[in-house]
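A.B. asks: Any chance you could fold what I've pasted below:
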Amino acid sequence: MARAAVKPASSQVTCRLLVDKPAGGAWNMAVDELLVEQAAAAGRWTLRLYQWERPTLSLGYFQAHQLRAAHPPSAACPLVRRVSGGGAILHDRELTYCLAVPEEHPLATDAERLYRAVHGSLVEALGRLGIASNMNVVVAPSAIKPRPLVAGAPAADPAEEPFLCFQRHAPGDVLVQGSKVVGSAQRRRRGAILQHGSILLATSAAAPELPGIQELSGQDMPAKRMQSAWLNLFKARLGVRLACAELEPAEIAAAHRLEAEKFADPAWILRR
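C.D. replies: Residues are numbered from 1 along each chain as shown. Down below sits the predicted model:
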């Protein structure tokens, strides 16, 4: 039986939907940060879907950049650092999402509920596509120590955990045939919460050890197919209506500043 939709506290929330063209890593991280800042300042919900113009490795906030030497297949990929925790992600053949929620909404105050609402909608979307999946309820042996569902502080020695996020299993991850295909992380800011994550559509040559939905299901899984299956279920689960939009000129300018001053700056990328 499908779970009931999340009911908003008052009238149904309008969530802006941005579907962006593939872009570089520093730009993608800058836009995500901009959206959570706006959620805090203006009470604006945004769901952003995007991809990457070339295979890119993103480090979790707490990861040491020297650890990337442990993964030779991604050695030639550009490197960025996220504001959220967790393991490194090789962004390539995936659909990436970012959700920014203002703190006055009940989902922003219950971070685990938000996480499970989004992942539950993805499990349902995969089911509509004929692909059996489930949310992980136990920590798999690959994760040496349990870690919090919500990223914010490291719960285990990073040296004891697999380098790649998709080799770590935590409660709430979306699994197909026991392999992780969706992983998300959160970052709380005063006034808002950011949740962003990756939907692993297919194996990348820069991370050949990770099977995607395509390999696990035998179905071709382009980003548009996943997106089409997901959005209506996302709306129902979170109790929002989606309004298609584009970044405004002032937002683009602000994101360019964040890109140059933070996410493309080696001082940020190599800070650990």
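A.B. asks: From here on, just use CA atoms for contacts and neighbour counts.
C.D. replies: Fine.
A.B. asks: Need the residues that contact stretch 81-93.
C.D. replies: 29, 33, 51-52, 54-63, 74, 151-154, 162-166, 168, 185-187, 198, 200-204, 206-207, 263, 268-269 (Cα atoms under 8 Å, 6 or more residues apart in numbering).
A.B. asks: which of these count as buried?
C.D. replies: The neighbour count (16 or more other Cα atoms under 10 Å) marks 29, 33, 51-52, 55-63, 74, 151-152, 162-166, 168, 185-187, 198, 200-204, 206-207, 263, 269 as buried among the contacts of stretch 81-93.
A.B. asks: now, which of these lie within helices?
C.D. replies: Those of the buried ones among the contacts of stretch 81-93 mapping onto helices are Met29, Glu33, Ile269, per DSSP state H.
A.B. asks: The second one: what's it in contact with?
C.D. replies: Read it as Glu33. With Cα under 8 Å, 6+ apart, Glu33 has these contacts: Val83.
A.B. asks: What separation do you get for it and Ala254?
C.D. replies: From Glu33 across to Ala254, the span is 10 Å (Cα to Cα, to the nearest Å).
A.B. asks: and if you look at the last one?
C.D. replies: With the distance defined as Cα to Cα, Ile269 ends up 20 Å from Ala254.
A.B. asks: those strands in the stretch 51-200 of the chain, which residues are they?
C.D. replies: Listed in chain order, the strands of the stretch 51-200 of the chain (DSSP state E, counting those that start in this stretch) span 56-59, 79-81, 89-91, 94-102, 134-135, 174-176, 179-189, 192-200.
A.B. asks: so what's the residue most central in space within the chain closest to, chain neighbours aside?
C.D. replies: Note on the chain: the residue nearest the mean C-alpha position is Gly197, at 0.9 Å, using Cα atoms, centre = their mean. Spatial nearest neighbour of Gly197, chain neighbours left out: Ser184 (3.9 Å); criterion: Cα to Cα, 6 or more residues apart in numbering.
A.B. asks: The one you found - how many residues pack around it?
C.D. replies: 25 (other Cα atoms under 10 Å).
A.B. asks: ditto for Glu124
C.D. replies: The burial count for Glu124: 22, using other Cα under 10 Å.
A.B. asks: tell me the SS of the nearest residue to it once chain neighbours are set aside?
C.D. replies: Nearest non-adjacent residue to Glu124, counting by Cα to Cα, 6+ apart: Leu233, 7.3 Å away. Secondary structure state of Leu233, per DSSP: H, G, I helix; E, B strand; the rest coil, is helix.
A.B. asks: distance of Leu233 from Glu103?
C.D. replies: Using Cα to Cα, Leu233 is found at 23 Å from Glu103.
A.B. asks: what does Ser133 give?
C.D. replies: Distance from Ser133 to Glu103, by Cα to Cα: 30 Å.
A.B. asks: Appreciated, that's everything.
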